[in-house]
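**Student:** one predicted model, sequence on top.
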There are 2 protein chains.
Amino acid sequence: MGRTKQQTPWKELRRLIDQGESDRLDEFVRQIPDIEIPHTLSLLGDEALTELLHVVEPETAAVLMEQMPGVRAVETMEHLDREDAAAILLELPSSEQADFLHAMEQGDADAILAEMIPEAADSARTLCRYDNDVAGGLMDIDYLAYPHNFTATEVIRDMRTNADTYRDYVVQYAFVLDEQERLLGVLRLRDLLLAEGDRPIVELMQGDPLAVGDFAPLDELRSFFLAHLFFGVPVTDAAGRLLGIVRRAAVEEALADRSDSAYLKTQGIVGGEELRSMPFLLRARRRLAWLSVNVVLNVVAATVIAFYQETLTAVIALAVFLPIISDMSGCSGNQAVAVSMRELSLGLVRPSELLRVWAKELSVGLMNGLVLGALIAGVAWLWKGNPYLGLVVGAAMALNTLVAVSIGGTVPLLMRRLKMDPALASGPILTTVTDMCGFFLVLSLATRFLPWISG
Amino acid sequence: MGRTKQQTPWKELRRLIDQGESDRLDEFVRQIPDIEIPHTLSLLGDEALTELLHVVEPETAAVLMEQMPGVRAVETMEHLDREDAAAILLELPSSEQADFLHAMEQGDADAILAEMIPEAADSARTLCRYDNDVAGGLMDIDYLAYPHNFTATEVIRDMRTNADTYRDYVVQYAFVLDEQERLLGVLRLRDLLLAEGDRPIVELMQGDPLAVGDFAPLDELRSFFLAHLFFGVPVTDAAGRLLGIVRRAAVEEALADRSDSAYLKTQGIVGGEELRSMPFLLRARRRLAWLSVNVVLNVVAATVIAFYQETLTAVIALAVFLPIISDMSGCSGNQAVAVSMRELSLGLVRPSELLRVWAKELSVGLMNGLVLGALIAGVAWLWKGNPYLGLVVGAAMALNTLVAVSIGGTVPLLMRRLKMDPALASGPILTTVTDMCGFFLVLSLATRFLPWISG
């Protein structure tokens, strides 16, 4: 094994910042290996980071911004000088400019836009009108487009003239537009390359291009790119006018962000993101928001136990099995929640298909309930030498496994139907209901069979 | 609101398959909207699906394969005729061919390779040597490359001759190689387009191209694409020979798959994937693998309770608080696990930085422990009118929250250091330790203060 203990460039970076050696900083940052950058920046305090971004070239600062987790990059951007922020923003692809402006406080965003050249600010404002999970919010607006009556020579001349501007464009083909800026076709550079100079590009282009609407949701884009091996797809408005291009990679990235954030939410990270570089009070408060809901739900669930204090007093061994049944039902139910979340996000199941999902869960729950019930019954029997105690806790475990998978499988669909966030709400609902039900099953069965088990 | 109940094309598709109307199937499938395909296919049984893929054109079948979740696509591929499978595979980009062959049983993969044209089979075999989370396993091997002594005219002539072959290539620039096939530079079509015909391409290319090694791990690729706004990066072997290109989108996709699979594992889906279309026994068995480990750990943790039966008998109210403390510690700990998993995957924290993470968790745990402890102390006091009972359960809750965040924050790092899967192992370790500790804290404190709380 023995990867040797790695020296991170953090300390030297910190020293250069503290000693104000700003002329060396740009060069120093640029020679840090890409893979070291996230870790190095995470060790840098907010003030040092702001100073660093102020001192280096906007292009370098943009690279650093990209390597930071989104929330920290946004927060850092808000604390920069407006001028610095505007310069850095301009170095990012247009879709990411919009992401930043979207995520910032309105006032900060406006102040930064005011510092940008009006043209760039206008484009950024346009993109900000879209949510960042629809085509309009994910598209880039730097692309090559030419009127349909241009010839190959004219296009090549334009490309030559503006070569420097186009160099950074992320899409490698040009679009052909009619008088109303509606998308007519796609012109591949390769075809342009092979064509005679005086032919109009309308004859060289691929007609009837596939496109998506500006409000096409992320899932539609996902399906589009699964069905077509394209790099990007043009985005048009309702009138067919070309607005921008969504790259395949932008869609993949948005999907990854969505599932990362869903994972964090299921585990009780309310905003869908927490970094340990955030202020401690913010982290504590956001975690507490979730915990305090759960503690209330837990107390509610546990009241079931309070109603059976006599049974518990008679058979104190039951107190050992209550947490086991609560915990195992949580496990079984969470498995079903996870599969439902996954099937929803892949589009394999519709929120309305509760019955289909329930049927699929029941068979698995029956099987696993029987196995777990038998196991726990065996433990109880062996421990107390009382087969009836085994039967009671085993039956409760088996039945509650059925309940848990039923709820776990269907609640995410139900949440989606009710326009609630299944990642955030499914877990607490699941554990509360299965806890109540599990406690009730153990204790009511035990009460019924009290004469046999309290021996 | 009120999206009208959507008719899925499933029934009609099923009818066409059952009635053997194979000539209409290709057309019918092609007109299903992309976004409907995953759902439609998920309702189709395995036999009907195999029949469908057999009947339609390989190109259409490849589109369907792309829309299926990976595990189902692989399984389906294994059950197809070898000839069908080979024809469909050839329609996929080379990196995805390798994914399929990697995931299949060795025997199936060999049989399918035997059906492919030898050249394609050889390339696929080469890619299969790499794991699918390193550059070699993610790269595409269809790219344009020319010897350094070619002229612009010669390159253009070759492109014209092979236009049909190159049409499907996913990367839009050409590479320049020396006599040993080592990568010298990148030739952009745009520069080719603007050049005089007799200039050698070595003068037109961008020299010193960035490249990654064939064993560069996914995280390195992630950092690379964050730092550079490229579509793709060339992959070279140790000698600098060009092997292929990794597209940005392939990296984003692999990252998304990795985090989806990590999420499913944390929730107890052992293989990192389960679909309800899988056979019921397989699903039940895989879930049980996880549940049976947990039930054993749960029983172990609950034995702590068994040692304090006398205390419990004296203060039966404690039985109400045991599951609450167990559950709440699980919640607090899972939050910390989730943040650590996220920071590990973003490269913000190194597996060796246990102390740094622990310190960050302690402050949050102290704060949240005090709040939760106070809450639960209040509940206990109000319910039984006994402030000492409140103090006992409140103190246990506060202390155990500290324990939970400490373990939750550090265990994922520890697992990573021990080369174990943090997604799969962190949860059970967390709940077992915090349960034991929580039960011990409540019951031992209660035992010590028994005279005051058993009133």
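**Tutor:** It's in. Numbers count the residues shown, from 1 in each chain, chains lettered A, B, ... in the order given.
**Student:** output the helix or strand harbouring residue A:108 as PDB, nothing but the C-alphas.
**Tutor:** Secondary structure assigned from DSSP states H and E places residue A:108 in helix A:106-115. Output in PDB follows, covering the C-alpha atoms of helix A:106-115 (Å, rounded to 0.1, in the frame of the first residue of the first chain):
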ATOM      1  CA  GLN A 106     -30.500  39.000  -5.700                       C
ATOM      2  CA  GLY A 107     -28.600  42.200  -4.600                       C
ATOM      3  CA  ASP A 108     -25.200  40.600  -5.000                       C
ATOM      4  CA  ALA A 109     -26.100  39.300  -8.400                       C
ATOM      5  CA  ASP A 110     -27.400  42.700  -9.600                       C
ATOM      6  CA  ALA A 111     -24.300  44.500  -8.300                       C
ATOM      7  CA  ILE A 112     -22.100  42.100 -10.200                       C
ATOM      8  CA  LEU A 113     -24.100  42.300 -13.400                       C
ATOM      9  CA  ALA A 114     -23.700  46.100 -13.200                       C
ATOM     10  CA  GLU A 115     -20.000  45.700 -13.400                       C
END
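**Student:** the following helix or strand past it packs against which elements?
**Tutor:** Beyond helix A:106-115 on the C-terminal side, the first helix or strand identified by DSSP H and E is helix A:118-128. Applying 3 or more CB pairs under 8 Å, 6 or more residues apart in numbering or on different chains; DSSP states H and E, one finds that helix A:118-128 makes contact with helix A:94-103, helix A:106-115. For the C-beta atoms, the positions are set from N, CA and C on the backbone; glycine is no exception.
**Student:** quick check: buried residues in the last one?
**Tutor:** Using 16 or more other CB atoms under 10 Å in any protein chain shown as the test for burial, helix A:106-115 gives A:108, A:109, A:112, A:113, A:115.
**Student:** for the residue nearest to residue A:301 when sequence neighbours are not counted, what are phi and psi?
**Tutor:** Excluding its sequence neighbours, the residue lying closest to residue A:301 (CB to CB, 6 or more residues apart in numbering or on different chains) is residue A:435, at 3.8 Å. Note on residue A:435: its backbone torsions stand at phi -60, psi -50 [degrees, to the nearest 10].
**Student:** show me how chain A divides into domains.
**Tutor:** A:10-129, A:144-261, A:280-453 (automatic domain parsing).
**Student:** tell me which of those lies nearest to residue B:122.
**Tutor:** domain A:144-261 (22.2 Å; CB to CB).
**Student:** on that earlier part again, figure out which of the helices and strands packed on helix A:118-128 is closest to residue A:253.
**Tutor:** Comparing those against residue A:253 with CB to CB, the closest turns out to be helix A:94-103 (9.6 Å).
**Student:** got the CA positions of that closest one in CSV?
**Tutor:** Below are the C-alpha coordinates for helix A:94-103, written out as CSV (Å, rounded to 0.1, in the frame of the first residue of the first chain):
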residue,chain,number,x,y,z
SER,A,94,-22.5,31.1,-20.0
SER,A,95,-24.5,28.3,-18.4
GLU,A,96,-22.2,28.5,-15.4
GLN,A,97,-22.5,32.2,-15.1
ALA,A,98,-26.2,31.7,-14.8
ASP,A,99,-25.7,29.1,-12.2
PHE,A,100,-23.8,31.5,-10.1
LEU,A,101,-26.2,34.4,-10.5
HIS,A,102,-29.1,32.1,-9.8
ALA,A,103,-27.6,30.9,-6.5
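**Student:** name the helices or strands packed onto that helix?
**Tutor:** helix A:70-79, helix A:82-90, helix A:106-115, helix A:118-128, helix A:135-138, strand A:242-247.
**Student:** mind putting the ones you listed into JSON lines with distance to residue B:134?
**Tutor:** Shown next, in JSON lines, are those (distance: least, CB to CB, whole Å):
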{"stretch": "helix A:70-79", "distance to residue B:134": "26"}
{"stretch": "helix A:82-90", "distance to residue B:134": "32"}
{"stretch": "helix A:106-115", "distance to residue B:134": "40"}
{"stretch": "helix A:118-128", "distance to residue B:134": "35"}
{"stretch": "helix A:135-138", "distance to residue B:134": "28"}
{"stretch": "strand A:242-247", "distance to residue B:134": "24"}
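**Student:** figure out which of the ones you listed is closest to residue A:410.
**Tutor:** With CB to CB, the closest approach to residue A:410 among those belongs to helix A:135-138: 31.3 Å.
**Student:** got JSON lines for the helices and strands packed on helix A:94-103, with mean pLDDT too?
**Tutor:** Listed next are the helices and strands packed on helix A:94-103 as JSON lines, based on pLDDT from 0 to 100:
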{"stretch": "helix A:70-79", "mean pLDDT": "92"}
{"stretch": "helix A:82-90", "mean pLDDT": "93"}
{"stretch": "helix A:106-115", "mean pLDDT": "90"}
{"stretch": "helix A:118-128", "mean pLDDT": "86"}
{"stretch": "helix A:135-138", "mean pLDDT": "93"}
{"stretch": "strand A:242-247", "mean pLDDT": "92"}
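**Student:** identify the residues contacting residue A:414.
**Tutor:** A:351, A:354 (CB atoms under 8 Å, 6 or more residues apart in numbering or on different chains).
**Student:** could you list every helix and strand in contact with the helix holding residue A:108?
**Tutor:** helix A:70-79, helix A:82-90, helix A:94-103, helix A:118-128.
**Student:** quickly find the element holding the residue of the stretch 301-450 of chain A found nearest chain B.
**Tutor:** Nearest to chain B, among the residues of the stretch 301-450 of chain A, is residue A:338, at 3.6 Å (CB to the nearest CB). In this structure, residue A:338 sits in helix A:318-345 according to DSSP H and E.
**Student:** ok, back up a step: and the pLDDT for the residue of the stretch 301-450 of chain A closest to chain B?
**Tutor:** You'll see residue A:338 listed with a pLDDT of 94.
**Student:** just checking, next helix/strand downstream of the helix or strand where residue A:226 lies?
**Tutor:** According to DSSP H and E, residue A:226 maps onto helix A:218-227. Next in sequence after helix A:218-227, counting helices and strands by DSSP H and E, comes strand A:232-236.
**Student:** helix, strand or coil for residue A:391?
**Tutor:** Judged by DSSP: H, G, I helix; E, B strand; the rest coil, the three-state class of residue A:391 is helix.
**Student:** what about it, how many residues nearby?
**Tutor:** For residue A:391, the count of nearby residues is 18 (other CB atoms under 10 Å in any protein chain shown).
**Student:** can you tell me the closest non-neighbouring residue to it?
**Tutor:** Going by CB to CB, 6+ apart, residue A:391 has residue A:377 as its nearest residue, at 6.2 Å.
**Student:** what sits against that neighbour?
**Tutor:** Contacts of residue A:377 (CB under 8 Å, 6+ apart): A:390, A:391, A:393, A:394, A:395, A:397.
**Student:** interface residues of the stretch 101-250 of chain A facing chain B?
**Tutor:** Within the stretch 101-250 of chain A, the positions adjacent to chain B are A:156, A:159-160, A:163, A:166, A:168, A:170, A:172-173, A:189-190, A:192-194, A:219-220, A:223-227, A:229, A:231, A:247-249 by CB under 8 Å from any CB of the partner chain.
**Student:** buried stuff in the helix or strand bottoming out on mean pLDDT in chain A?
**Tutor:** When the helices and strands of chain A are scored by mean pLDDT, DSSP states H and E, helix A:163-166 comes last with a mean of 71. Within helix A:163-166, the residues that count as buried by 16+ other CB under 10 Å are residue A:166.
**Student:** CA atoms only for that helix, dumped as CSV, please.
**Tutor:** In CSV, the C-alpha atoms belonging to helix A:163-166 read as follows (Å, rounded to 0.1, in the frame of the first residue of the first chain):
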residue,chain,number,x,y,z
ALA,A,163,-11.0,33.2,-34.9
ASP,A,164,-9.9,34.5,-31.5
THR,A,165,-13.5,35.0,-30.2
TYR,A,166,-14.6,31.6,-31.4
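**Student:** just the C-alphas of the very next helix or strand once past that helix, formatted as CSV.
**Tutor:** Following helix A:163-166 in sequence order, the next helix or strand is strand A:173-177 (DSSP H and E). Output for strand A:173-177, consisting of C-alpha atoms alone and laid out as CSV, is shown next (Å, rounded to 0.1, in the frame of the first residue of the first chain):
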residue,chain,number,x,y,z
TYR,A,173,-20.6,23.0,-35.3
ALA,A,174,-22.5,26.0,-36.7
PHE,A,175,-26.2,26.6,-37.0
VAL,A,176,-28.1,27.9,-40.0
LEU,A,177,-30.9,30.3,-39.3
